[in-house]
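K.L.:
Next one to model:
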Amino acid sequence: MDTYLTFVLGQELFAVSVRQVLEVLQKQHITRVPKTPDHVLGIINFRGDILPVVDTRKKFSLSTSDENEKQIVIVFELGEEASKTTIAATADAVKDVIDIQDHEIKPVPELGLDYNVKFIRGAVRKEETFILMLDVEKVFSDTELSQLQKLTEVEK
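P.N.:
Numbers count the residues shown, from 1 in each chain. Coordinates of the predicted model:
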């Protein structure tokens, strides 16, 4: 059994392991940075460090929200101990923290999803709702993480 943070993105409910979540932030001022990829909103100050913020809706090819002021920013810590990377990503809302048993996670068929299914570990059904289990490590390629790190280094 593992503990997961669930969050809303568009009409979907996602879950990520709480072991990868450093903090959930509300009402963050995001500074835009010119010439960044389309899905990068900009940078924020997090505990004195500069973090890139990824627009998760754009990353997942979902329709974009006009309500940026209502967005939540989730700060993730990715990678192995020697090469940890901290990155922030947007969500529409945080729902809950829940426990999920490994046997509850079922494979997700590739049909009908607008975003890359490799990001999804599986799905869990809780009552009448499906929760998509997000594999945060696969959302960002090593190349992309490296580019995002360079963005924060230039701004320091």
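K.L.:
got the phi/psi numbers for residue 48?
P.N.:
Dihedral angles of residue 48 (phi, psi; degrees, to the nearest 10) stand at phi 90, psi -10.
K.L.:
again with residue 52
P.N.:
phi -70, psi 150.
K.L.:
ok, and the closest non-adjacent residue to it?
P.N.:
Nearest non-adjacent residue to residue 52, counting by Cβ to Cβ, 6 or more residues apart in numbering: residue 148, 4.3 Å away. Heads up, the C-betas are built off the backbone N, CA and C, glycines and all.
K.L.:
and the gap between residue 13 and residue 62?
P.N.:
13 Å (Cβ to Cβ, to the nearest Å).
K.L.:
residue boundaries of the strands in this protein?
P.N.:
If DSSP state E is used as the criterion, the strands of the chain fall at 2-9, 12-17, 21-26, 40-46, 49-54, 72-78, 85-91, 93-100, 120-126, 129-134.
K.L.:
ok, the residue most central in space within the chain - contacts?
P.N.:
Among the residues of the chain, the one closest to the centroid is residue 89, at 4.6 Å (Cα atoms, centre = their mean). By Cβ atoms under 8 Å, 6 or more residues apart in numbering, the contact list for residue 89 reads 53, 54, 55, 56, 59, 73, 74, 76, 139.
K.L.:
Model confidence score at the closest residue to the fifth one other than its chain neighbours, please.
P.N.:
Across the structure, with Cβ to Cβ, 6+ apart as the measure, the residue nearest residue 59 apart from its sequence neighbours is residue 39 (4.5 Å). The predicted local confidence for residue 39 comes out at a pLDDT of 85.
K.L.:
I'd guessed residue 39 sits against residue 58; true?
P.N.:
Yes - using Cβ atoms under 8 Å, residue 39 is in contact with residue 58, at 4.0 Å.
K.L.:
ok so, going back, just so I know, which of the strands of the chain lies nearest residue 107?
P.N.:
strand 120-126 (5.5 Å; Cβ to Cβ).
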